[in-house]
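J.: compute the structure for the input listed below.
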Amino acid sequence: MKLRLFYCLVAVFLSYSLVAQKNGQLTARIYTYLGEQNESQLPGYLFKDWATDEEVLFGYNDFLDLPGANHGFDLGGLSKYKNKELIIDFVYLKRLCSEGAESYISSGWVAYGIKSCNECSQSITSHQNNKQVKFPRIGYFEDPDGYVNVRSQMDVQSPVVSTQEFYEGEYFYFFECPDKNWYLYYGYNYKGYVHASRVRLIN
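T.: Sure, this is the predicted structure:
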């Protein structure tokens, strides 16, 4: 009986902790960058938490891989900040992750911005409250032809930037537009607009 009660309390605690995180919730922390870690099975970027003095390894799936994310500088620019303090912004959201050729959807904290820490004594709270962030939605394309036209403007008469092919079960990021009939989509080395009738969002 006591064991059953214990498991019930654990389940309630876990469910509460999961519900407590909300999509789009922001936070920021200070880390010292220690260098790129490629020797383990899980390659990534090694940091030391400024508050706890513990080493933390961020894998590639822990960063939002989108144009405009990692504002300040991209991950390739981290090498010159070795042993320096950085502010990393995090958002809690549903995001796409990849393991080789496979991809999956995960909910959790993901880094979307890295900046040099010129004045780390400043309040992290005031730092993150100044953000105006536009986060993506996750969804899939839906068209019997197996491809959609990505256009240069939110207009069916505008030129086609690219024809995006897709397969069943493949997910993508989409950004909402002022015109609710369209979504902004980032392809490989291009961006454009897809009509909402061809997109199904899951979050």
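J.: report the secondary structure state of Ala69.
T.: coil (DSSP: H, G, I helix; E, B strand; the rest coil).
J.: then Asp53?
T.: coil.
J.: residues near it, how many?
T.: 8 (other C-beta atoms under 10 Å). For glycine as for every other residue, the C-beta is placed from the backbone atoms N, C-alpha and C.
J.: what do you get for Trp109?
T.: Neighbour tally, Trp109, other C-beta under 10 Å: 15.
J.: any idea which element it lies in?
T.: strand 102-116 (DSSP states H and E).
J.: now what about that strand, what contacts it?
T.: For strand 102-116, contacts defined as C-beta atoms under 8 Å, 6 or more residues apart in numbering pick out 21, 23, 27, 58, 61-64, 69-73, 75, 78, 81, 84-98, 131, 133, 135, 138, 170-171, 202.
J.: go again with 6 Å.
T.: The contact list for strand 102-116 (C-beta atoms under 6 Å, 6 or more residues apart in numbering) reads 62-64, 69-72, 86-92, 94-97.
J.: and that strand, what's buried?
T.: Using 16 or more other C-beta atoms under 10 Å as the test for burial, strand 102-116 gives 110-115.
J.: now do it, average pLDDT.
T.: Averaged over strand 102-116, pLDDT sits at 86.
J.: likewise stretch 73-86?
T.: Computed over stretch 73-86, the average pLDDT equals 86.
J.: end to end, how far does that stretch reach?
T.: 11 Å (C-alpha to C-alpha, to the nearest Å).
J.: quick one, domains of the chain?
T.: Following automatic domain parsing, one gets these domains for the chain: 2-129, 137-201.
J.: of the ones you listed, which shows the lowest average pLDDT?
T.: Minimum mean pLDDT among the domains of the chain: domain 2-129, a mean of 75.
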